[in-house]
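> for reference, the sequence and a predicted model appear below.
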Amino acid sequence: MGTEIGGGIAGGAVSFLLVKLDAFASREWYLQENINRALQDLGIELRSMEALLSDAASNNDPDHQFTVWIQNVRDQAYAIEDVLDLFRVDQESVWCRFKKRHSISNLIKDIEGRLQRIQQTKDRYHTMTFTPNTDLPVRVAPLFNGNVEAVGIEEPVNKLISWAMEPKQRLEVMFVVGMAGLGKTRFDRHVWITASNSKTELDILTLLVEEFGRCPITQRADVPALTHKLRELLLNRRYVIFLDDLWVKEVWESVRLALPAGKNSRIIITTTRGDIANSCGDGDSIDIHKLQPLSPESAEQLFHQKAFPRNGTCPSGLEEVSKSILLKCDGLPLGIIEIGRFLSLKSPTKNQWKILHDSLESELRSNGELSNIMKVLSASYKDLPYHLKYCFLYMSIFPENYPVKRRRLVRLWIAEGFVIQKKGKTPEAVGEEYLRELIDRNLMKANELDFDGLPKSVGVHSLMLKMILSISQDENFCTVCTEAERNLTENTRRLSIQKQDFDVSQDLPHVRSFLSFVVGELNIGSNLKLLKVLDIQGTPLEEFPSVITDLLLLRYLSLRNTNIRSIPSSLSNLCHLETLDLKQTLVEKVPEAVLQLEKLRHLLVYRYNTESSLPFDIVQGFKAPKRITALKNLQKLSFVKVSVQRRMSRQLSMIQGLDNLTQPRKLGVVELTKEDGASLCHSIGKMPNLHSLSVTSLSMEVPLELDAMPNNLPAFLQRLYLKGPLQKFPCWISSLHDLVRIRLKWSSLAENPIPALQNLPHLVELQLLHAYTGTQLEFKSGKFPQLKILDLQQLEQLRSIVMEEGTLPCLQKLVTSHCSRLGRVPIGIDKLIHLQMLVLYDMPDPFVTRLRKNGGRLRHLVQHISCIHSYKQERLEDLS
């Protein structure tokens, strides 16, 4: 694996380092002249190496000498990164600074000498070569091996045929999008052109002209001439073109310009690049069909066909190990076919199959029996720019099938320095763009979607994980410690602990990231001076580890789900800290020292008290320093206790000073007093970038005073959570154009809130919990155009719900809970054609009885709903 794509990651290391060198030079402007000059010389040397590595990354199989040279360049890039970080350690005293400058100068000279020797080695062995890319036959071959039946893709094939045959008096285009190996090439064709990433617009146009003109082009032509010729050949003709394996948008744009709008003509494009398909789709003449992995049943059928070609039946003794191997294939036809074919050549014994199961990662490597799978999958990886290569490789840190939270991943990328700054955008916004691109390129997948369609958690395909684990190991990107022992070396750069009771007491001077995924004891030594990421959530910590405050370069610290109760004042040593995650800990107070963390962007200190008998108090916040507003870069601040501040001081309260914070995107406030409501409104008006606001009153009896909101409301507010009595509905909510979710709890409104909310154009989720004391809710026709989730709980006086025809056109989920006087399902529920789920919690017996399958009087009104669940004292009754 390393010889195939080592140039890519080494080139990425050099490119990443060059950006860091420029940033370092501009920041450390006071550098001594000799150091500055040495860094400039390093930059010149590295840029020349970057160009050669870029060429190497676009080809296959460099010879052994060149591979060694690539590894040497990568190692020196890592060494320079270490030097730059060492410079930033212990800069507090003038004497330390002087010593560092002296040692830095010597280290740079030493590295410069090594780079020159590396360059001389390349010049001396000038025969070092690499071969052109020839992956295409490997990519296609497994899908056309023998007369394999198209198992599991009958539906997309039939859809494509139906689309192609439907008479339409215009040219239509279909993008077939999916990850490598899903079977996008299994279609018959009229003219089939393979548009791999090694082909240019000129190449593709030449091939099309030759195919339709039925003769080779002997004289070299340019793009305009070929475009004219192709239009001439296709004018007034019906044609079908398959453009297979598209990698470059410009190639398609050139082809599109050359195609006349022929009657009933069709273009079918297969690609892994969903980002290209999305950017080209116009929703009218261009459609996008996203292929999905095979269902478990189809995957098993295909696997048995390949592994047992005689009868397609799995022997009873191999069923368990067969299912385990299939789980690793994760519905990918390429993996199923290749592994099945490989096993068909082996003795059908449990021992032989278990050997493959346990050695799958080795067989997938470049010299393994299943290396064809990796050659196909690695093409998508090699196509990535260097910063996305790093972000994608970061998934090697997480255990298989581990749901990686989206926001956590983005914050980790930022802490690692993988996210390149863009003018006018926050690092978090840029990181979200990176993630979307990796998903669109079908390298990562969304495991769980949030209510607004964004991923809550993400992951990678099992076989893709095997590939990046192999790359990560070869390139010293990350060392994964599992139950199978793996020895650490002093060159280890990132540590992923996936085994119980791990002791890191040896000298590991180059480790930048330390993440733990176990709940056992963990011993962290004092030898991790270059550490930037420490994520040890879920470990059984009772006290804050004192060694942490010596990690002066730390940017990301997560002690989430531990039992620590306090954090020390020495936390102020961590002047580079950007994320402090103390969620679900016992910490209730943050010391004044935190105010010295000027780079802090995310301060998460709260827990859900599941033992509370009163759901109103389920969120437990923290006491913040009064001058918390000194942290000008805060993006997330939650959840701050207000009442504590007011009780302890008669002077200016912390809430009154919040207007000094102008950057927050998420703000969470609990225990808000009536007196502080107006001050909070004033502060919110000074937060133009606010996306999420959560406000909880002091108790269920203390009203939320939020009527003083200024006219300049945060224009981008998307999520609003209000918990506590409202004397009247805040009229400013109706003007929140971008609002996608609102939850009103214990509002006890006498006024019906529906008319004030029904015209919000982007509202997707509405929850009313003990929020309305009236007897009827009416949803007018044409209102709530985007609402997908309606959640009605503890509306104790509610007797009827009326839904006019044409209302709630997108509603997918309806929840009613503890509405004791509601006698029947909403009038008009049978007109909600997109409603997929109806969930009932402790609803009156007559309400449920009317919906039962056998004899329920109103059963016909919910017949179209695929999932109907009723819970009575936590016991489920399936009414589907």
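Right, received. Where do you want to start? Residues are numbered from 1 along each chain as shown.

> CA atoms for contacts and neighbours, from now on please.
Will do.

> give the contact list for the closest residue to residue 552 other than its chain neighbours.
Excluding the flanking residues, the one nearest residue 552 by CA to CA, 6 or more residues apart in numbering is residue 574, at 5.1 Å. Neighbouring residues of residue 574 by CA atoms under 8 Å, 6 or more residues apart in numbering: 549, 550, 551, 552, 553, 554, 555, 597.

> do residue 331 as well
Taking CA under 8 Å, 6+ apart, one finds 293, 294, 295, 296, 299 in contact with residue 331.

> just checking, residue 249 touches residue 275?
No: using CA atoms under 8 Å, residue 249 is not in contact with residue 275; the gap is 9.3 Å.

> residues of the helix or strand where residue 229 lies that come out buried?
Secondary structure assigned from DSSP states H and E places residue 229 in helix 223-234. With burial defined by 16 or more other CA atoms under 10 Å, the residues of helix 223-234 counted as buried are 223, 226, 227, 229, 230, 231, 234.

> next SSE after the helix or strand of the chain with the lowest mean pLDDT?
Least confident helix or strand of the chain, by mean pLDDT, DSSP states H and E, is helix 136-140 with a mean of 41. On the C-terminal side of helix 136-140, the nearest following helix or strand under DSSP H and E is helix 154-165.

> just to revisit the earlier point, more neighbours, residue 249 and residue 275?
residue 275 (18 against 15; other CA atoms under 10 Å).

> that one: what's it in contact with?
437, 440, 441.

> now with 6 Å, please.
Contacts for residue 275 (CA atoms under 6 Å, 6 or more residues apart in numbering) come out as residue 440.

> report the secondary structure element holding it.
Residue 275 belongs to helix 274-280, assigned by DSSP H and E.

> now that helix: buried residues?
274, 275, 276, 277, 278, 280.

> what sits closest to the first one if chain neighbours are left out?
Of all residues beyond its chain neighbours, the one nearest residue 274 is residue 440 (4.5 Å), with distances taken as CA to CA, 6+ apart.

> how about residue 435, secondary structure?
Recorded secondary structure, residue 435: helix (DSSP: H, G, I helix; E, B strand; the rest coil).

> roughly how far does it sit from residue 491?
Applying CA to CA, to the nearest Å, the value for residue 435 to residue 491 is 29 Å.

> with residue 288 instead?
46 Å.

> have a look at these two and say which one is more surrounded.
Counted by other CA under 10 Å, residue 288 and residue 491 do not tie: residue 288 has more neighbours, with 20 against 15.

> now, which of the buried residues of helix 223-234 sits nearest residue 372?
residue 223 (34.8 Å; CA to CA).

> tell me who's in contact with the closest one.
Residue 223 touches residue 202, counting by CA under 6 Å, 6+ apart.

> wait, a helix at residue 571?
Yes: residue state for residue 571 (three-state DSSP) corresponds to a helix.

> name the SS class of the closest residue to it other than its chain neighbours, please.
Computed as CA to CA, 6+ apart, the closest residue to residue 571 that is not its neighbour in sequence is residue 549, at 5.5 Å. Going by three-state DSSP, the secondary structure assigned to residue 549 is helix.

> per-residue pLDDT of residue 549, please?
Per-residue confidence (pLDDT) for residue 549: 92.

> next one: residue 134
pLDDT at residue 134 comes out at 43.

> now the residue nearest to residue 274: phi and psi?
Here is the backbone geometry of residue 440 (degrees, to the nearest 10): phi -60, psi -30.

> count the neighbours of it for me.
Counted with other CA under 10 Å, residue 440 comes out at 21.

> and it, how far is that from residue 271?
Taking CA to CA, one finds residue 440 at 11 Å from residue 271.

> likewise residue 444?
15 Å.

> please say which of these two ends up with more neighbours.
residue 271 (27 against 21).

> checking residue 432 next. Helix, strand or coil?
Three-state call for residue 432 (three-state DSSP): helix.

> nearest residue to it in space, ignoring adjacent ones along the chain?
residue 410 (6.7 Å).

> touching, the one you found and residue 431? I think so.
Yes: the criterion here is CA atoms under 6 Å, and residue 410 meets it with residue 431 at 5.4 Å.

> what's the neighbour count on residue 191?
Using other CA under 10 Å, residue 191 has 15 neighbouring residues.

> now do it, the pLDDT please.
pLDDT at residue 191 comes out at 79.

> pull the CA atoms of the helix holding residue 275 into PDB?
Output in PDB follows, covering the C-alpha atoms of helix 274-280 (Å, rounded to 0.1, in the frame of the first residue of the first chain):
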ATOM      1  CA  GLY A 274     -21.100  13.200  -5.900                       C
ATOM      2  CA  ASP A 275     -19.800  16.700  -5.500                       C
ATOM      3  CA  ILE A 276     -19.400  17.000  -9.300                       C
ATOM      4  CA  ALA A 277     -22.900  15.500  -9.900                       C
ATOM      5  CA  ASN A 278     -24.400  17.900  -7.300                       C
ATOM      6  CA  SER A 279     -22.800  21.000  -8.900                       C
ATOM      7  CA  CYS A 280     -24.000  19.900 -12.400                       C
END
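
> for the helix or strand following it, name the packing helices and strands.
Next in sequence after helix 274-280, counting helices and strands by DSSP H and E, comes strand 286-290. With contacts taken as 3 or more CA pairs under 6 Å, 6 or more residues apart in numbering; DSSP states H and E, strand 286-290 sits against strand 172-177.

> picking that back up, any chance of the buried residues of helix 223-234 in JSON lines, plus distance to residue 667?
Shown next, in JSON lines, are the buried residues of helix 223-234 (distance: CA to CA, whole Å):
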{"residue": "223", "distance to residue 667": "55"}
{"residue": "226", "distance to residue 667": "58"}
{"residue": "227", "distance to residue 667": "56"}
{"residue": "229", "distance to residue 667": "61"}
{"residue": "230", "distance to residue 667": "59"}
{"residue": "231", "distance to residue 667": "58"}
{"residue": "234", "distance to residue 667": "60"}
